[in-house]
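Asks: Need coordinates for the below:
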Amino acid sequence: MSIEVPVILIVIAIIIFFSTAWVLKKYSQNIKKNKITALILSIIITPLAYYGLILLLISYIEYIPETTFNKEK
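Replies: Numbers count the residues shown, from 1 in each chain. Presented below is the predicted three-dimensional model:
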């Protein structure tokens, strides 16, 4: 595992943590429960998001468009 993987996972986790904390703050007023829930959700969702990004990258790299050229005179 290279050094980029933990850095990418930390960046994804931070984004997910703050976005879930923001959404939970709109629906609940208990700050302590919101932070714990956001932390648990970010721990669960981060590897799934990383796996999804890797799959999207691989599918983007391996995409070969089908083009047919017609020779017209």
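
Asks: Helices along this protein, start to end?
Replies: 4-27, 31-61 (DSSP state H).

Asks: Quick check, residue 21 in contact with residue 34.
Replies: Yes: with contact defined as CB atoms under 8 Å, residue 21 counts as touching residue 34 (6.0 Å). Quick note: C-beta positions are derived from backbone N, CA and C, even for glycine.

Asks: most centrally placed residue in the protein?
Replies: Among the residues of the chain, the one closest to the centroid is residue 49, at 3.4 Å (CA atoms, centre = their mean).

Asks: follow-up on the earlier one: select, out of the helices of the chain, the one closest to residue 70.
Replies: Residue 70 lies closest, by CB to CB, to one member of the helices of the chain: helix 31-61, at 27.9 Å.

Asks: Tell me the buried residues in that closest one?
Replies: 34, 38, 41-42, 45-46, 49-50 (16 or more other CB atoms under 10 Å).

Asks: now the angle from it to helix 4-27?
Replies: Counting by axes from the mean of the first three to the mean of the last three CA atoms, to 10 degrees, helix 31-61 lies at 130 degrees to helix 4-27.

Asks: which secondary structure elements does helix 31-61 contact?
Replies: If contacts are counted by 3 or more CB pairs under 8 Å, 6 or more residues apart in numbering; DSSP states H and E, helix 31-61 sits against helix 4-27.

Asks: Now the helix it packs on: buried residues?
Replies: Buried residues in helix 4-27, counted by 16+ other CB under 10 Å: 8, 12-13, 16-17, 20-21, 24.

Asks: How about the contacts made by the closest residue to residue 45 other than its chain neighbours?
Replies: Here the nearest residue to residue 45 in space, its sequence neighbours aside, is residue 16; by CB to CB, 6 or more residues apart in numbering that works out to 5.2 Å. Taking CB atoms under 8 Å, 6 or more residues apart in numbering as the criterion, residue 16 is in contact with 41-42, 45-46, 49.

Asks: Distance of residue 16 relative to residue 30?
Replies: 20 Å (CB to CB, to the nearest Å).

Asks: repeat for residue 20
Replies: Residue 20 sits 14 Å away from residue 30 when distances are taken as CB to CB.
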